[in-house]
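Undergrad: one predicted model, sequence on top.
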Amino acid sequence: MHAIIDYISSYLTSDKTPGAAGNMFWVLVYIMLVFAGLSVAVIAMNWLERKILAHMQVRLGPMRVGPHGLLQPIADAIKLLLKEDIMPAEADGFVFWMAPLIVVLAAFTVFVVVPFGPTHAITDMNIGILFMLGVSSLSVLGIVMAGWASNSHYPLMGALRSSAQMVSYEIAMGLAVVSVILVTSLHGSGLYGVGGAGAGDGTLSMIGIVRAQQEQGVWFIFKFFPLGLIAFFIFAVSMVAETNRAPFDLAEAESELTAGFHTEYSGFRWSLFFLAEYSAMIAVSSIAVTLWLGGWLRPFPNLLNGDTWDQAFSFIPGITFLFFAAICFYNAVRMPKHPLFRVQTIGLFGFGVVLGLIGLALFVPAVSIRVQDIFWFAAKVSGFMYVYIWFRGTFPRYRFDQLMQLGWKVLLPMGLGVLILTAIFGLWPSIQQLIQRLI
Amino acid sequence: MLHITTLHYLVLGAALFLLGVVGVLTRRNVVIVLMSIELILNAVNLNLVAFSRLWGGLHGQVFAIFIITDAAAEAAVGLGILIAFFRNKETVNIDEVNLLKW
Amino acid sequence: MTPVATPFFFYLFAAIMLIGGILVITRKNPVHSALALIVALLAQASIYLMLYAPFVAGVQIILYAGGIMVLFLFVIMLVSIERSMKERQFNSQWVAGTVAAVALGGLFIAVYAKAEKIFPHHAIRITPDELLNTQGVASMLYGQYMFAFEIASLLLLVAIIGAVVMAKKRI
């Protein structure tokens, strides 16, 4: 009994992730926490997408199911679970069954290395970013299988187009990522600092990349301005194309191919694809946040450094949650005073109270120190989710040949150019020495 | 049996190699023959990495990476040949590839 | 990333690889063979992790399972397989092929029986520093094996051009 308690509590004073420390109990706890958080995030994304798209299109979105449609995702989930499970007649049963599983597995396994904080990751692999890119490329297999197993031409066309698009944009993503990995090997600080000839070791591990940003004192989106910005832009466009979202959603848009590769899927199997799509969006946004936007670091880590600024920024998580609670209370007060709306009003009040309590708990320094990193990471990823929805509401759809042209003829040369220029900037002292020796 | 030595990995590699050889020699479908060739290359990779672990240097791992790159190039060219052939003869049976010119 | 419970995981992944290999060579449907091969490749990536080779494992997942097998699945979908699935699957010299493979297996057994003499077990003395595997492989790729690296990139260029030319309908 004492041995078990010692095993559990021995991790609490460690400064490594549970996987690196080898503590299996905490690995399981973190896995459950990430899984639960991801499920909540996908449900919230469903509601947010419908509401935000609606407000961008000057309408209200779901308002009936709960207060302001807050229970709409739950109603959708219940409907999908109760639907009939249809399999096409000549479909290949085993492959039809496996395809959504592979896509969901690929989308969820990626979160093993996502760093929510310096020790708040399930594990810290030596090849973190390589693992994330590789496992997210396994979802292409699931899509190809789904299209082929449905034994119908709409899904087959949709699957071929979708997988061709994903494979093409993976290359541009990889080039943008490599140019960031180059920068992690430098020692200098500031926007253009390089740190002398023979700069130190680079790293592929996600926590190492954020630590490199911390040591160099600048988020990599601003490093070697404007190269970091261009690399970030290439990655942002590629990640939208990689997850088959608007404006690159020709393969699954309703007006084009009757829902593409998941046409023949119904009920729970369709919801698995949908879950995998949102998880993949969160996963690639996590990559972008870790690599360019400083991961769990608070904004302005160097420009506004010092203890008072640290304290001021540590109040922001609590203030954010209290702000959300205030919005809930305001809307609850403004609900119609009819007795039919009593349950909804009480529900909204209760939700506001829960958010307020979380906000107040975040003011306690002991909690705030541990949870602050997770809050900043989640806030940045939420910003990306909003930009995804914004893109969907704003841009018209790309035609498929325009899409492929963009991936191969525009983003790939741009990625190569950014890589070469970043390498030249990074090796500038060595190049200077070489030139001086030649002259 | 319980302590995993290098010999365990070598036996596994040998078994995969034999499975690949049987696949290349006995199947008629060209795609499955190409996949058996990939099995053979993977068995060789496993041997290389196992020996790299035994002797401590990283040479085996670097060679394994080169072999993976090589396998990608070869799969691409082989499948291109298959598509060109299929367009002419409408079959994926390697027993039908028996004319020098048609 | 120290391997934990190595015997259990080795036997598990070895079983998955062998079953996958057997399924690859015996399935009638090429798509099922391709899926079995993908499973075998992913199990092999896990075995690479046990052999202190995380970089090779990552390369295997990205290139082999996520690249080459997608290429195979594309081609299988483009080449109609219904007719080929109705034909005979094993060719007429399957007996000779299997006998040759068994003979090769006998040769392997004869060599591996002397394994203890060739590479004794206590020869494993260096535990590679698992934190610096990628950096070590990189310094070798760009140092000692630079020439091979450039030739591999040339090979890939030739393969791309060759595959595009061969798959075109009209050159």
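TA: Alright, I've got the coordinates.
Undergrad: switch to C-alpha atoms for all contacts and neighbour counts from now on
TA: OK.
Undergrad: surely residue A:190 is within a helix?
TA: No - per DSSP: H, G, I helix; E, B strand; the rest coil, residue A:190 lies outside any helix segment and is coil.
Undergrad: ramachandran coordinates for it?
TA: Residue A:190 adopts backbone torsions of phi 90, psi -180, taken as degrees, to the nearest 10.
Undergrad: look up how far residue A:292 lies from it.
TA: 15 Å (Cα to Cα, to the nearest Å).
Undergrad: neighbour-wise, which of those two wins?
TA: residue A:292 (25 against 16; other Cα atoms under 10 Å in any protein chain shown).
Undergrad: name the spans of chain A whose pLDDT lies under the cut-off.
TA: Across chain A, the ranges flagged by pLDDT under 70 are A:195-200, A:252-259.
Undergrad: in it, which residue sits nearest chain C?
TA: Closest contact between chain A and chain C, by Cα to the nearest Cα, is at residue A:134 (4.3 Å).
Undergrad: which SSE is that residue in?
TA: Assigned by DSSP states H and E, residue A:134 belongs to helix A:128-136.
Undergrad: if we can go back for a sec, residues contacting the residue of chain A closest to chain C?
TA: C:58-59, C:61-62, C:66 (Cα atoms under 8 Å, 6 or more residues apart in numbering or on different chains).
Undergrad: nearest residue to the middle of chain C?
TA: Computing the C-alpha centroid of chain C and ranking residues by Cα atoms, centre = their mean puts residue C:41 first, at 6.0 Å.
Undergrad: around residue A:53, how many other residues sit close by?
TA: Using other Cα under 10 Å: residue A:53 sits among 19 other residues.
Undergrad: list the contacts for it?
TA: Contacts of residue A:53 (Cα under 8 Å, 6+ apart): A:61, A:389-390, A:392-393.
Undergrad: tell me which element it is part of?
TA: Counting by DSSP H and E, residue A:53 is part of helix A:24-56.
Undergrad: give me the contacts around whatever helix or strand comes next after that helix.
TA: Counting by DSSP H and E, the next helix or strand C-terminal to helix A:24-56 is helix A:72-82. The contact list for helix A:72-82, computed with Cα under 8 Å, 6+ apart, reads A:43-44, A:46-47, A:62, A:65-66, A:266-268, A:271.
Undergrad: of those, grab the buried ones for ChimeraX.
TA: In ChimeraX, this line selects whichever of the contacts of helix A:72-82 come out buried by 16 or more other Cα atoms under 10 Å in any protein chain shown:
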select /A:43,46,47,62,66,266,267,268,271
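Undergrad: and the two most separated of the contacts of helix A:72-82?
TA: Longest distance between any two of the contacts of helix A:72-82 is 25.2 Å, between A:66 and A:266; criterion Cα to Cα.
Undergrad: mind listing what's buried in stretch A:347-361?
TA: Buried-residue list, stretch A:347-361, by 16+ other Cα under 10 Å: A:347-353, A:355-356, A:358-359, A:361.
Undergrad: mind checking which of those land in helices?
TA: A:347-353, A:355-356, A:358-359, A:361 (DSSP state H).
Undergrad: run through these and flag the ones next to chain B.
TA: Subset of those in contact with chain B: empty, counting by Cα under 8 Å from any Cα of the partner chain.
Undergrad: which stretches in chain C count as helices?
TA: Counting by DSSP H, the helices of chain C are C:6-26, C:30-50, C:54-59, C:69-78, C:82-86, C:94-112, C:115-118, C:133-141, C:146-167.
Undergrad: got the residues of chain C near chain A?
TA: So far as Cα under 8 Å from any Cα goes, chain C lies against chain A at C:1, C:32, C:54-55, C:58-59, C:61-62, C:65-66, C:70, C:73-74, C:77, C:130-135.
Undergrad: buried subset of those residues as a PyMOL selection?
TA: Entered in PyMOL, the line below selects the buried ones among the residues of chain C next to chain A, by 16+ other Cα under 10 Å:
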select buried, chain C and resi 1+32+54+55+58+59+61+62+65+66+70+73+74+77+131+133+134+135
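Undergrad: show me where chain B has its strands.
TA: Secondary structure of chain B (DSSP state E): no strands present.
Undergrad: which strands or helices does the longest helix along chain B pack on?
TA: The residue-count maximum for a helix in chain B (DSSP H) belongs to helix B:59-89. Applying 3 or more Cα pairs under 8 Å, 6 or more residues apart in numbering or on different chains; DSSP states H and E, one finds that helix B:59-89 contacts helix B:30-55, helix C:54-59, helix C:69-78, helix C:133-141, helix C:146-167.
Undergrad: so which of the ones you listed is nearest residue A:22?
TA: Ranking the helices and strands packed on helix B:59-89 by proximity to residue A:22 (Cα to Cα) places helix C:54-59 first, at 16.8 Å.
Undergrad: centre of the chain to the closest one, how far?
TA: 12 Å (Cα atoms, centre = their mean, to the nearest Å).
Undergrad: just list what that helix packs against, helices and strands only.
TA: By 3+ Cα pairs under 8 Å, 6+ apart, helix C:54-59 packs against helix A:128-136, helix B:59-89, helix C:30-50, helix C:133-141.
Undergrad: so for residue B:40, which of these sits nearest?
TA: helix B:59-89 (10.4 Å).
Undergrad: and the angle for the closest one with helix C:69-78?
TA: 10 degrees (axes from the mean of the first three to the mean of the last three Cα atoms, to 10 degrees).
Undergrad: now residue A:87, what's its secondary structure?
TA: Residue A:87 is classified as coil under three-state DSSP.
Undergrad: so it makes contact with residue A:263?
TA: No - contact criterion Cα atoms under 8 Å: residue A:87 and residue A:263 do not qualify, at 11.0 Å.
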